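Novice: I'll drop the sequence and a predicted model, then ask my questions.
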2 protein chains.
Amino acid sequence: MQDAPNRPYHHGDLRRAVIETALDMLREEKGWQFTLREVARRAGVSHAAPYKHFPDKAALLAEIAMIGFDRLRASLAAAKPKAAKTLRDEITPIARAYVAFGTDNPALYRLMFSAEEGKAVGMHLNERALAVFDVLLEILRRGQAAGSIRKRPIEGQAAAAWGLVHGMTMLAIDGLLVPEKVGSAPLDAALSTLVEGLGNPAT
Amino acid sequence: MQDAPNRPYHHGDLRRAVIETALDMLREEKGWQFTLREVARRAGVSHAAPYKHFPDKAALLAEIAMIGFDRLRASLAAAKPKAAKTLRDEITPIARAYVAFGTDNPALYRLMFSAEEGKAVGMHLNERALAVFDVLLEILRRGQAAGSIRKRPIEGQAAAAWGLVHGMTMLAIDGLLVPEKVGSAPLDAALSTLVEGLGNPAT
DNA sequence: GCCTTAAGTAGCCACTGTCAACAATGTATT
DNA sequence: AATACATTGTTGACAGTGGCTACTTAAGGC
C-alpha cells in the first residue's frame, strides 16, 4: 500500500493518492469517520503532508463525496437497459444498481448524504450531484411520453421513486432488511409496488 | 439547566436526568455525536458520575435509541385516524407523523437507525423497535382484509411502505427535498404514488 | 544558483472514554 | 442509637486521538 522503502521525497501525485487511500478506507468501514492522520499513514506520507493539497479535512470529504456522485451516476448509466419493453424492465435494473452501489460502498454513500459535512443543500445542488437525479427524471419523462406512466407532476413521481430507493438503500446498508420484517426479497417487492404506483393502469 | 448552587450531594434521579439531558442535546444538534462528558456537564454532575448508571457510552446510546422507538410508536398511534374512509385517508396522517418525528428529532432518528452503535440488527429485532413496525403491518393487514389493498405478500408491501417513508424522512432530515428537485409537496406526492401502488385498482 | 513547491518532523492544544481512589449520603442490622 | 455496608457522587489522572500549525529539508525548474 505504501512503503516503497526508498520512495522519492516527493510523492509525485499525492493529491490523487490521498483520495484513493481515503476511498479505500471508506470501502472497509461502515462509517465515514476516518481521520486525516490515518489516511496519511496509509498513503505512506507524514501526517501533515495532505495539508499541501487540501486546506482541511472538510475539503477532502467534499471532494470524495463528489466523486461518489460521479460513480453512482456511472453505475446507473451502465445499468440502463438497451431496450426495455415494460416500465418494470426499465426501472428494475437501475434501481438494483442504485441499491447495490449503496450496499457496496456504504460509508461512501453515507458520506454523500450526510448533512453535516459539505453544507448539505449547497452540495446537492451541485451539478455533479444533480446529474444523478437527472437519470431518474429522464426515465419518468420518457415513460410519461410513451404512456406507460401516469400523467402526474413529474417532480412528485421523482420524489416517490427517489425516496423509496434511497430508503431501501439506507435500510439495506444498516442491515435492517431482515426477512422477519420484510420478507425474503424486499427490494423486488418494493419495486413492484413502486411500478404499480407509477404505472399507467390503462395499459 | 443545572446549578442549584447547593444541590444535595446525591442527585436523586441522575439516571433519568442523564437520559433527559442527552435527549435535549440530541434535539439541538443534527448528529448524535454527543460526548458523555458534556452530558454530565450539562446535567450538572461530574464527568464520571454517569458511570454509576451506565456501564459505558454505548449503553446510554442504546437506551436512548429504544426510547426513541417508544416515542415514534406513540406518535404514530396518536396520528392514527379514527375512521378513515379511503386507504389514502388512513395512510397519510400516519406517514406524515412518521416523517415529522424524524424532522423534529433528526439526531435521535439518526441514532435509532445508525448501524454502528447498538449492534444494528439485534437492536431492531428488539420488541420495542418491532412495535413500530407492527403499526405498519396492521394497516396493511386490515386494508387487505377490507379489499382496499391489493392481495400481495404483506411483507413486501411493508418493505415498500417502510422504505419510502424512511427514505423521505432521511431526505427531509438532510434537507434534500428542495423544490428544484422534487416539487413543492414531495411527501404528499410520494404518498400518492405509494397509495396507488398499494391500493386495489378494482375499487 | 535562486525560488517555488512538496515533503518531513515536531509539537501544540483540546478533548475523550474510562478507571481508581476517596467522600458523602442513605439504609439495614445489631 | 451505633455501626457497618451499599450507593452515588467527586477528583484526578492516564492513555490516546486528532486537527492543525510552524519550521525545516529535499527536489525540480529556470
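Specialist: Alright, I've got the coordinates.
Novice: touching chain B at all, the helix or strand where A:Ala160 lies?
Specialist: A:Ala160 belongs to helix A:154-173 when assigned by DSSP states H and E. Yes: using C-beta under 8 Å from any C-beta of the partner chain, we find that helix A:154-173 touches chain B at A:155-171, A:173. Backbone N, C-alpha and C define where each C-beta goes, glycine included.
Novice: you'd agree A:Ile98 is up against A:Val165?
Specialist: Rather than Ile, residue A:98 is Tyr. Yes: A:Tyr98 lies in contact with A:Val165 (C-beta atoms under 8 Å); the separation is 5.2 Å.
Novice: run through the helices of chain A in chain order.
Specialist: Listed in chain order, the helices of chain A (DSSP state H) span residues A:14-28, A:36-43, A:57-79, A:87-104, A:106-112, A:121-124, A:127-146, A:154-173, A:179-182, A:186-198.
Novice: quick one: closest of those to B:Leu14.
Specialist: Among the helices of chain A, the nearest to B:Leu14 by C-beta to C-beta is helix A:106-112 (33.8 Å).
Novice: dump the C-alpha coordinates for that closest one into CSV.
Specialist: What follows is helix A:106-112, C-alpha atoms only, in CSV (Å, rounded to 0.1, in the frame of the first residue of the first chain):
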residue,chain,number,x,y,z
PRO,A,106,-21.9,2.0,2.5
ALA,A,107,-19.5,4.5,4.0
LEU,A,108,-19.2,6.5,0.8
TYR,A,109,-22.9,6.5,0.3
ARG,A,110,-23.4,7.7,3.9
LEU,A,111,-20.9,10.5,3.3
MET,A,112,-22.6,11.6,0.2
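Novice: which outside residues touch that helix?
Specialist: Helix A:106-112 is contacted from outside by A:23, A:26-27, A:29-32, A:61, A:64-65, A:68-69, A:72, A:101-102, A:117, A:129, A:169, A:173, using C-beta atoms under 8 Å, 6 or more residues apart in numbering or on different chains.
Novice: how about it, which residues are buried there?
Specialist: A:Pro106, A:Ala107, A:Leu108, A:Tyr109, A:Arg110, A:Leu111, A:Met112 (16 or more other C-beta atoms under 10 Å in any protein chain shown).
Novice: for A:Thr86, list the residues it contacts.
Specialist: A:Ser148.
Novice: so what's the nearest residue to A:Leu194 once chain neighbours are set aside up against?
Specialist: Nearest in space to A:Leu194, with sequence neighbours left out and distances taken as C-beta to C-beta, 6 or more residues apart in numbering or on different chains, is A:Leu164 at 5.4 Å. With contact set as C-beta under 8 Å, 6+ apart, A:Leu164 has these partners: A:Ala190, A:Leu194, B:Ala160, B:Gly163, B:Leu164, B:Gly167, B:Ala190, B:Leu194.
Novice: now for these, which pair is the farthest apart?
Specialist: Farthest-apart pair in the contacts of A:Leu164 is A:Ala190 and B:Ala190; separation 13.0 Å (C-beta to C-beta).
Novice: neighbours around the closest residue to A:Arg15 other than its chain neighbours, how many?
Specialist: Once flanking residues are discounted, A:Arg15 sits nearest to A:His53: 4.1 Å by C-beta to C-beta, 6+ apart. Residues near A:His53, counting by other C-beta atoms under 10 Å in any protein chain shown, number 17.
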